[in-house]
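Asks: Attaching a predicted model along with its sequence, questions to come.
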Amino acid sequence: MLDLIILSIHYFICILISIAIWRGPKEVDLHTSSTETAETGPDGLICIGKEENIKKAGRITAKIDGREIVVFYHDGKFHALDSRCYHEGGPLCRGDIEDIDGQACIVCPWHKFKITLETGEGLYEGINPLEPSPTPKWQSKGVKQRIHKVTIDNGNVYVCPPDLSVSFDSDYFAEKYKIGGEAAMKK
């Protein structure tokens, strides 16, 4: 009889674990905004959340006109970029921040591409084969990732809507994700 009780408890626990795995962790957007419902601030800026909440979270995603951006709070500064990597559309909101030659960079979790938070430049480590003892040095590919201007006013964090008259490599995946969502990202 005791064996039957233990087996029943074991079966019940297995079912609970299966349900928990099946449901999985849910991504929570603490502050999602769009121009239709978001509070607009000074000079047409879009409010994406409270300064203290973003500082605590370290990063959040938000939507501006359907375009997903990620806002990081790192080393006392706010940085906003398109949330999809310029290379293959990887989710930058899940990347690690690393210091590379004194620059804070987000590392794309898919292919480890490195992007400066301040300027959106893509970085790579290369050598000059003409040097007698070539040593790898960090170099810029140029600005690849769209960055967004961040403004703090009255404890709120505002982001400037993107100026689409200038294009960046990240625009392709920002638009693809905006139009097709996760289905557009499946290979």
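Replies: Now that the structure is in, tell me what you want to look at.

Asks: SS state for the most centrally placed residue in the chain?
Replies: Closest residue to the average C-alpha location of the chain: Cys93 at 2.4 Å, with CA atoms, centre = their mean. With DSSP: H, G, I helix; E, B strand; the rest coil as the basis, Cys93 sits in helix.

Asks: distance of the closest residue in space to it that isn't next to it in sequence from Tyr86?
Replies: Computed as CB to CB, 6 or more residues apart in numbering, the closest residue to Cys93 that is not its neighbour in sequence is Val70, at 4.4 Å. To be clear about C-beta, it is placed using only N, CA and C from the backbone, and glycine gets the same treatment. According to CB to CB, to the nearest Å, Val70 stands 13 Å off from Tyr86.

Asks: out of these two, which sits in the more crowded spot?
Replies: For Val70 versus Tyr86, the count of surrounding residues by other CB atoms under 10 Å is larger for Tyr86: 26 against 21.

Asks: give me every residue that touches the more buried one.
Replies: By CB atoms under 8 Å, 6 or more residues apart in numbering, the contact set of Tyr86 is Phe113, Ile115, Gly122, Lys144, Gln145, Phe168, Asp169, Ser170, Tyr172, Phe173.

Asks: Isn't the third one up against Gln145?
Replies: Translated: Gly122. Yes: here Gly122 reaches Gln145: they are 7.1 Å apart, a contact under CB atoms under 8 Å.

Asks: List buried residues within the contacts of Tyr86.
Replies: Phe113, Ile115, Gly122, Lys144, Gln145, Phe168, Asp169, Ser170, Phe173 (16 or more other CB atoms under 10 Å).

Asks: Now, those that are in strands?
Replies: The strands, defined by DSSP state E, take in Ile115, Gly122 from the buried ones among the contacts of Tyr86.

Asks: Just the closest of the buried ones among the contacts of Tyr86 to Asn128, please.
Replies: Gly122 (18.7 Å; CB to CB).

Asks: Name the residues linked to the closest one by a beta bridge.
Replies: Taking DSSP bridges as the rule, Gly122 bridges to Ile115, Gly142.
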